[in-house]
Every structure is written in structure tokens, then in C-alpha cells.
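A.B. asks: Sequence first, then the predicted structure, then my questions.
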Amino acid sequence: MAALGAPINVSVIWCGSTYPMQVASTATIGDLKQNMNDLEGVPIKRQKFKDNTPTRGALDDDTRLISSLPNNIIHLVVLNQKDDNYQKIFSEQETDGNCYVTDLKNHLKDYDGQKVGMTKGVYGVVTLQMDCLLKTEDKDTPLDLASFQLMKNFKHPNSVGMENFYKSGPSQRLVLADSIDGTLDGYVRKNGAGIVFNSSDKTPTEFFIKMMTELCGVLDKLIAKGICPKKLNKHNLYLKKVKGVYQLKVLFNNVEPLANTNKDKEKQLTNLCADIRGIFHVYVKLEYVLNAQTTYFCRFLEVGAATFIGKNLGLMVKSYPFNWNDDQKASYLIDLISSNTDLRPYINYCGISWPQNESRDNILEELQMLERLIQDENRERRALRRSLKQEGKVALANEVKDLIWN
């Protein structure tokens, strides 16, 4: 306890920040509430203090002297009300909405040792506590309450869960689920370009295809929910190792509702697909020479992806023929060439490296030549059928069949 008459230095911990104050020896809990109202604009009637003991006892008596407390550290909890948009406090949680955050000031380290831009903390709701991560806005990660309100109920294995949002001093902060080990960028910095691109054929590695597939998959679900990121780049991408396998985690900190009009929606999705291509291209730049397949995949992301996003873009990326073997490619070619739709102009345009036979001849050219031979043969057979029917030899004409692919 402080000596009678001596000023008291007290620290109020609220939302992960510490507010040091010097008060008179006769100051009460009520005086401290007035100070917090003057300093941060927190309404007095919604302030609730707790002491700094393990039990966090409630300080309900506003006339109680601060000098009578076991120590000079006090925790502030703000009681919330439904539909309250006051940004300095948490949104309503369970029961009466009591919640608090303790910032442990322990910076999350990336795979290469750099700081991630998050600190570890403890998030409490009523009597429940959980580990959390605290993200403060910066130039690469703007935060706003509207985005949090759109994202707070979105749950997906590849999305960073958002628990709450509050203001700390001049900055805004997100309370995130403790589901991040580091950034994708940090993982690439540590392991080098070979972790994302094969040096032999300049195609994406299985790891990087998995990351892009998971990115597009979670975007499919987000768009289907009527939410669209305003901006997406490498700073949104994190990793978590789950059962020995790296899983992509995307922080959607800057989103908006999907537009109602087709024109505006098309503009949103086109911009989003350009951002996806931009993310892919960031890591493409790690390799100076790219093969045709990778180049055309970049073009697909920019031009064609908007057609599929919100439906099955993740599946399209997963099944893109980066790593097909020759048998798979040959089977695919036969299906294309034998289809009723003329896709021949697009087969060479797609940039896929088609297999060759033992003579080093391109199988695509051989199939196209075979197709022409079959077409010529079928024209002759049709002419023969017509001739036989004109001669009245219908049964014999019916035995003349067209050649088909099998």
C-alpha cells in the first residue's frame, strides 16, 4: 500500500495496451474510471475493473481506494451492448459480452527468424480463455471494422479465424485464432526458390500447386458467401503445419460485399483474379526462365479464372496439367480430338508440352494426322454407302461403318 499523501502510480491494462497513470493517494475506482473516460473516451457506466490477482476479482465498489489494492496493476473490461459500433471495444460475444485481451508482447517469429508482425496473447470471454495472436494494422495490412464484421462468422480450414476487433491507441488490432506458424513468404525465403519451382522443367512444385489450390479453394467459398477481397497479395498468406503437412492460411483483412449488378461483380472478380495471378507471379519471378505451361497458366489466372471463381477455381488449379505423365496427356488428347467440339485451335495454344514417340515425333502432330486420315477414310465410306443404297443394296450399305476413336 502507498504511503499516506504520496501520489500513486497505477497501470490500467486494456485490450493488450498498458495505460500508466499517476493519481492522488485518495483516488478511488470511480476516479480511475473518469480518467479512462477522459483519456480514451470509454463511457464510465460501461467500465468494469478487475484486480491483478490470479482470480481477477471484480472491483465493483467505485468508492474503494486504489491504495487498498494488493498491487497497482488493474485490468479494464468494457461491457458491450448489442449493435454498438464503438470501435474501441469488442463486439458482443457470449452471455453479457465481457471480454479482454492480454498482450504477452512475444513477437511471432517467421521461418527465417524475421518478425511476422503479430504478437502472442491471451483472449478471454467471461470465464473462458484461449491463446490468440494480435495483429496491428500496418501499411501492408489495413484493418477496418466493416471487414471484421463480414469475416467474423466465416470459417474455413484455409482462413485465419477472426475472434475480435478493437482499437489500441491510434491503431486498430485484430484478435486472431492461434493458427499461424509463419508466412508463406518467410518459408520461401528460408528454403529458396526450389520450394516453389522445379529447377529441371520450371514448373510449380507439388507444394506450391497445393498452396495455390488451397488459396483458390477458400476464395471459391468466400465468393459463394457473397464476400470479395478488395485486395489480396503475399502479405495475406500464412502457413500452419497440421499433422506434418503445411496448410495455407489466408488473412482476409480487407473485404467487401459482392456487388449486386453483373457489371460491378465482374469488375470485382476480374480484379481479384489479377491479384491471384500477382501472387503466383511474385514467386514466378524467382525463376528467370519459365516453360510454356507456366506462362500459359499465368495467362489462365488473369483471363480465364474469373469464369470459375466462386464455383470450382480450386479444382481447376488442382487439375491443371503441370505434372501429367505422357499417358495422361495422350489420353486427354484423344478425348479432345475425338470430341464433337472443335478444340484443335486451342491445343497448341495451351502451351502444354505434349509427349513424343520413340522417333521423337510429337504425339499431338501424329494424332492430328491420324484424325485427318480417319476423316478422309470416313468420307470415302459415306460415299460408298450412298452408292450402294442407290443400287438398292441397303443391307450391304448398312455394313459399311465409320471409323471411330477408341
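C.D. replies: Good, I have the coordinates. Residues are numbered from 1 along each chain as shown.

A.B. asks: helix or strand for the residue nearest to Gln247 when sequence neighbours are not counted, which one?
C.D. replies: Closest residue to Gln247 apart from its sequence neighbours, by C-beta to C-beta, 6 or more residues apart in numbering: Lys240 at 5.2 Å. For the C-beta atoms, the positions are set from N, CA and C on the backbone; glycine is no exception. Lys240 is part of strand 237-242 when elements are defined by DSSP states H and E.

A.B. asks: Can you tell me which helix or strand of the chain has the lowest average pLDDT?
C.D. replies: Of all helical and strand segments in the chain, the minimum by mean pLDDT, DSSP states H and E falls on helix 344-349, at a mean of 55.

A.B. asks: and after it, which helix or strand comes next?
C.D. replies: helix 363-390.

A.B. asks: for that next one, packing partners?
C.D. replies: In terms of contacts (3 or more C-beta pairs under 8 Å, 6 or more residues apart in numbering; DSSP states H and E), helix 363-390 is packed against helix 326-337, helix 344-349, helix 394-398.

A.B. asks: Tell me how many other residues surround Cys216.
C.D. replies: Neighbour count for Cys216, taken as other C-beta atoms under 10 Å: 23.

A.B. asks: Could you double-check that it sits in contact with Val317?
C.D. replies: Yes: the pair Cys216 / Val317 is scored as a contact, 4.9 Å apart, by C-beta atoms under 8 Å.

A.B. asks: Would you map the helices across the chain?
C.D. replies: 29-40, 145-151, 184-191, 206-224, 262-284, 292-299, 313-318, 326-337, 344-349, 363-390, 394-398 (DSSP state H).

A.B. asks: What's the local residue count around the residue lying closest to Ile223 once chain neighbours are set aside?
C.D. replies: Distance criterion C-beta to C-beta, 6+ apart; nearest residue to Ile223, sequence neighbours excluded, is Gly310 at 3.4 Å. Gly310: 20 surrounding residues under other C-beta under 10 Å.

A.B. asks: Roughly how far does Gly310 sit from Leu150?
C.D. replies: As judged by C-beta to C-beta, to the nearest Å, Gly310 and Leu150 stand 16 Å apart.

A.B. asks: do the same with Val394
C.D. replies: Separation of Val394 from Leu150 (C-beta to C-beta): 70 Å.

A.B. asks: Have a look at those two and say which one is more surrounded.
C.D. replies: Neighbours per residue (other C-beta under 10 Å) separate Val394 from Leu150, with Leu150 holding more: 20 against 10.

A.B. asks: which ones are touching that one?
C.D. replies: 227, 255-257 (C-beta atoms under 8 Å, 6 or more residues apart in numbering).

A.B. asks: which among those gets closest to Ile374?
C.D. replies: Ile227 (50.4 Å; C-beta to C-beta).

A.B. asks: what's the burial count for that closest one?
C.D. replies: When neighbours are counted by other C-beta under 10 Å, Ile227 registers 18.

A.B. asks: and it, what is it in contact with?
C.D. replies: Contacts of Ile227 by C-beta under 8 Å, 6+ apart are 150-151, 154, 252, 255-258.

A.B. asks: and the strand holding Lys240 with helix 262-284, angle?
C.D. replies: Counting by axes from the mean of the first three to the mean of the last three C-alpha atoms, to 10 degrees, strand 237-242 lies at 70 degrees to helix 262-284.

A.B. asks: so how far is strand 237-242 from its chain's centroid?
C.D. replies: 11 Å (C-alpha atoms, centre = their mean, to the nearest Å).

A.B. asks: Show me which residues of it are buried.
C.D. replies: 237-240 (16 or more other C-beta atoms under 10 Å).

A.B. asks: Adding pLDDT and distance to Gly194, write the residues you listed out as JSON lines.
C.D. replies: Formatted as JSON lines, those follow (pLDDT from 0 to 100; distance: C-beta to C-beta, whole Å):
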{"residue": "Leu237", "pLDDT": "96", "distance to Gly194": "19"}
{"residue": "Tyr238", "pLDDT": "97", "distance to Gly194": "21"}
{"residue": "Leu239", "pLDDT": "96", "distance to Gly194": "17"}
{"residue": "Lys240", "pLDDT": "94", "distance to Gly194": "22"}
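
A.B. asks: what's the most distant pair in those residues?
C.D. replies: Leu237 and Lys240 (11.4 Å).

A.B. asks: anything in contact with each of the two?
C.D. replies: By C-beta under 8 Å, 6+ apart, the residues touching both Leu237 and Lys240 are Lys249.

A.B. asks: so where is the stretch 201-350 of the chain shaky, pLDDT-wise?
C.D. replies: Applying pLDDT under 70 to the stretch 201-350 of the chain flags the ranges 285-292, 323, 334, 336-350.

A.B. asks: neighbours around the closest residue to Gly30 other than its chain neighbours, how many?
C.D. replies: Leaving aside its chain neighbours, Gly30 sits nearest to Asp62 (3.6 Å; criterion: C-beta to C-beta, 6+ apart). Neighbourhood size, Asp62 [other C-beta under 10 Å]: 15.

A.B. asks: now Asp62: how far from Val23?
C.D. replies: Remark: distance between Asp62 and Val23 (C-beta to C-beta) = 14 Å.

A.B. asks: Kindly report the same for Leu315.
C.D. replies: On the measure of C-beta to C-beta, Leu315 and Val23 end up 62 Å apart.
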